[in-house]
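Visitor: Make a model of this:
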Amino acid sequence: LLLLASCGGGGQVEPFAPTRVLAFGDDLSTIEADGRKYTVNAFKQVTVDGVTSDDPTTLDCTRNPLWIQTAASSFGLAFDRCLGSATTASGQVLAQAGHKVADLAAQIAAVQGDALGEKDLALVMTGMNDILELYASYPTSGRDALLAEARVRGAALGAQVNELALRGPAVVVLTVPDIGLSPYALAQNSSSGDATRSALISELVAAFNNRMSVELINDGPVTILLDSRKL
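Guide: Residues are numbered from 1 along each chain as shown. Modelled structure (predicted):
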């Protein structure tokens, strides 16, 4: 996922080996204290007489992993709320359902333990709830005003990611997925009688993502921007 080149030592390349992973964002990166996630939660599998089946009484948070879990496991790290087979928690889930860009600073401030540093990997994906909030004010607020506000919030996210990176961690930030293609958005076309509603949501997402991406600093701290459409 990350390969960091050192500036000295004759151009040596040193693999990045974080000792802690931190997840920031919204519903798409949230694991609750009991291991539940805002996706399809899987049951624990049990094998009886050679037959493997689901135990409908016990959740298994390691199955159907979120993107943050996949990223963490690639470094041998595990989150406190879903240890799996790990014996020690090396990650914290600060993401919370319903949170928006404006909540990111408080999430970062809530990190427990050592101060943020170069051995930390920070995973960030937020903005979905900002898009939904903006869309909810349409058509009271016009299209142009909403797109402008989406850009403002995208810029605010980029600025906060920059500030986070300057504190030492390597940062991976994902764009907001195109929720204009979601069942919710498509249903809005029918329920509102306006076939352009889902397209508007997609425009808001694009405006947000584009403005966030151009805000990111591209030298010094390591920040990797991933397009969620390609994951």
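Visitor: now the helices for this structure?
Guide: With DSSP state H as the criterion, the chain has helices at 67-73, 104-109, 128-136, 143-166, 183-192, 197-215.
Visitor: Throw those into a markdown table and include distance to Lys44 and mean pLDDT, thanks.
Guide: From N, CA and C alone the C-beta is placed, and that goes for glycine too. Formatted as a markdown table, the helices of the chain follow (distance: least, CB to CB, whole Å; pLDDT from 0 to 100):
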| stretch | distance to Lys44 | mean pLDDT |
| --- | --- | --- |
| helix 67-73 | 16 | 95 |
| helix 104-109 | 30 | 98 |
| helix 128-136 | 29 | 98 |
| helix 143-166 | 35 | 97 |
| helix 183-192 | 28 | 97 |
| helix 197-215 | 35 | 97 |
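Visitor: With distance to Pro15 and mean neighbour count added, can I get those in a markdown table?
Guide: Below are those laid out as a markdown table (distance: least, CB to CB, whole Å; neighbours: other CB atoms under 10 Å):
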| stretch | distance to Pro15 | mean neighbour count |
| --- | --- | --- |
| helix 67-73 | 15 | 21 |
| helix 104-109 | 26 | 16 |
| helix 128-136 | 32 | 19 |
| helix 143-166 | 19 | 19 |
| helix 183-192 | 40 | 14 |
| helix 197-215 | 26 | 20 |
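Visitor: Which among these is found nearest to Thr19?
Guide: If you check each of those against Thr19 by CB to CB, helix 67-73 wins as the nearest, at 11.7 Å.
Visitor: Quickly note the distance from Tyr135 to Ala199.
Guide: From Tyr135 across to Ala199, the span is 11 Å (CB to CB, to the nearest Å).
Visitor: Look at Asp54 and say how many residues are nearby.
Guide: By other CB atoms under 10 Å, 13 other residues sit near Asp54.
Visitor: what's the answer for the one 5 residues further on, then?
Guide: The tally of other residues near Leu59 (other CB under 10 Å) stands at 17.
Visitor: my read: it touches Lys37, true?
Guide: No - at 9.2 Å, Leu59 does not count as touching Lys37 under the criterion of CB atoms under 8 Å.
Visitor: For the residue positioned nearest the centre of the chain, give me its contacts.
Guide: In the chain, the residue lying closest to the centroid (CA atoms, centre = their mean) is Met125, at 2.6 Å. Met125 sits next to 24-26, 28-29, 67, 173-176, 228 when contact means CB atoms under 8 Å, 6 or more residues apart in numbering.
Visitor: at 10 Å instead, please
Guide: 23-29, 66-68, 95, 157, 172-177, 226, 228 (CB atoms under 10 Å, 6 or more residues apart in numbering).
Visitor: What separation do you get for it and Arg211?
Guide: 16 Å.
Visitor: same thing with Ile68?
Guide: On the measure of CB to CB, Ile68 and Arg211 end up 24 Å apart.
Visitor: If anything else comes up later, I'll come back, but that's it for now.
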